[in-house]
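# The sequence isn't on hand, but the structure is:
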């Protein structure tokens with residue numbers, strides 16, 4: 001009896017390939033780099049490729065996409081997919097640069113905000129929005 005290629009075996013093969021690619025990609029990300037590559041400098045402060053990778057969380061994206069092999073394959077294996085990832089990394093790098101500039105300026109003018117103050121303010125904003133949403137919902141009813 002000769003084993004043929006059925007849709008089930010193709011689907012299984014695709015799942016195995018995606019799992020292997022995800023594992024390989026995760027291992028490549030986990031391998032320490034001897035000389036840390038600098039991707040940007042902001043007023044003398046260096047931003048490393050490692051920091052960019054941590055903020056972009058592309059590895060997390062691929063782990064999330066395990067259930068959607070077509071999109072994962074698109075991102076990993078096509079020029080357009082690589083272009084999408086490149087633009088995304090550029091976007092994240094821009095956000096890191098903005099955050100660095102804001103932090104540097106705050107330090108320069110003597111603004112010191114604790115994590116607790118930030119968390120309290122964010123919780124206040126969330127509560128304000130929740131109250132507005134509940135108020136709008138009640139007026140609709």
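Structure's in. What do you need? Predicted model only: the values in this text are computed from it and were never measured.
# now the helices for the protein?
Counting by DSSP state H, one finds helices in the chain at the ranges 7-30, 49-56, 58-64, 69-77, 79-108, 115-140.
# quick check: domain ranges of the chain?
Split into domains by automatic domain parsing, the chain comes to 7-110, 114-141.
# The residue lying closest to residue 74 once chain neighbours are set aside: how many residues sit nearby?
Counting by Cβ to Cβ, 6 or more residues apart in numbering, residue 74 lies nearest to residue 81, which is 4.5 Å off, once chain neighbours are set aside. (C-beta placed from N, C-alpha, C; glycine too.) Neighbourhood size, residue 81 [other Cβ atoms under 10 Å]: 15.
# Can you tell me how far residue 81 is from residue 101?
31 Å (Cβ to Cβ, to the nearest Å).
# Please apply the same query to residue 132.
Residue 132 is 31 Å from residue 101, by Cβ to Cβ.
# Residue 108 too?
On the measure of Cβ to Cβ, residue 108 and residue 101 end up 10 Å apart.
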